[in-house]
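Visitor: okay, predicted coordinates and the sequence, questions at the end:
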Amino acid sequence: MEFHLLYEGELLSSGNHPKPENKHKIRKALHPQLRNLWLTNRNLRQYAEHLGNQVPPHGGTEDERFSRGITSLGKDWARGDAPNTFHFVPLVTTTFALRCSVDILLLRPHEKQLIQPDTSDLDGKVKTIFDALQVPDNAASLGTAEQGEDPFYVLLSNDNLISQMRVTADQLLALPGQKQPKASDSFVLVNVKINHMSGSPCDRWFE
């Protein structure tokens, strides 16, 4: 399975200690993309329906089974206390015996980066992206899930499931719509390839 995730906007380096809500802003931008992946990818949708069929009242329409299946996954990755509870649904988990490789294109507006690259800043921005791709340790500072964010879709249960990584950095000339980027803005394209361990009981769902 292979797909792309997009993000445009503020991207702070982890070296600048971005607050959890800064990382969650990125997570919120990726959430609807991953939700659409679960809704439209035939294998993922069938897997969620399969799980939903194991949950009472069982049966029902495809949409009802899908909803119950996703809800059951979200309960396994709940963070925070009611009423500020987030139910995260990661795609890549050890439960599914999955790993993934990521190929990141990171565009930044600093022209000087092309002449004297600041590798610490680049590493810090990549670390922020990784944090935003995974289930957070806690949700205490994330507020409440907004409409359409329960459950909340993320890529990873933990970034140690990234088996391979490549990063290409270049100059950001303008954001889509010809918006002039701020110094902290970036445009990020993440190519994700899902790898499953041979013999996994989930093989047929994650090809």
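Guide: Done, it's in. Numbering: from 1, shown residues only.
Visitor: C-alpha from now on. contacts and neighbour counts both.
Guide: Will do.
Visitor: in the protein, which helix or strand is least confident?
Guide: Across the helices and strands of the chain, mean confidence by mean pLDDT, DSSP states H and E is lowest for helix 119-133: a mean of 89.
Visitor: and Pro109, how many neighbours?
Guide: Pro109 has 20 neighbours, counted by other C-alpha atoms under 10 Å.
Visitor: give the closest residue to it in space, chain neighbours not counted.
Guide: Leu172 (4.4 Å; C-alpha to C-alpha, 6 or more residues apart in numbering).
Visitor: enumerate every residue touching that neighbour.
Guide: When contacts are counted by C-alpha atoms under 8 Å, 6 or more residues apart in numbering, Leu172 touches Leu107, Arg108, Pro109, His110, Pro181, Ser186, Phe187.
Visitor: out of those residues, what pair is the most spread apart?
Guide: Farthest pair in the contacts of Leu172 (C-alpha to C-alpha) is His110 and Phe187. Separation: 12.3 Å.
Visitor: more neighbours: which of these two?
Guide: Neighbour totals were compared for His110 and Phe187, and Phe187 leads with 23 against 19 (other C-alpha under 10 Å).
Visitor: what distance do you get for that one to Asp159?
Guide: Counting by C-alpha to C-alpha, to the nearest Å, the gap from Phe187 to Asp159 is 21 Å.
Visitor: could you do Asn16 as well?
Guide: Using C-alpha to C-alpha, Asn16 is found at 20 Å from Asp159.
Visitor: model confidence for the residue lying closest to Val126 once chain neighbours are set aside, exactly?
Guide: In space, and not counting its chain neighbours, Val126 is closest to Ser13: 7.6 Å by C-alpha to C-alpha, 6+ apart. Note for Ser13: predicted pLDDT of 89.
Visitor: going forward, count from 12.
Guide: All set: I'll call the first residue 12, so the last point we hit is now Ser24.
Visitor: can you give me phi and psi for Ser24?
Guide: Per-residue torsions, Ser24: phi -70, psi 140 (degrees, to the nearest 10).
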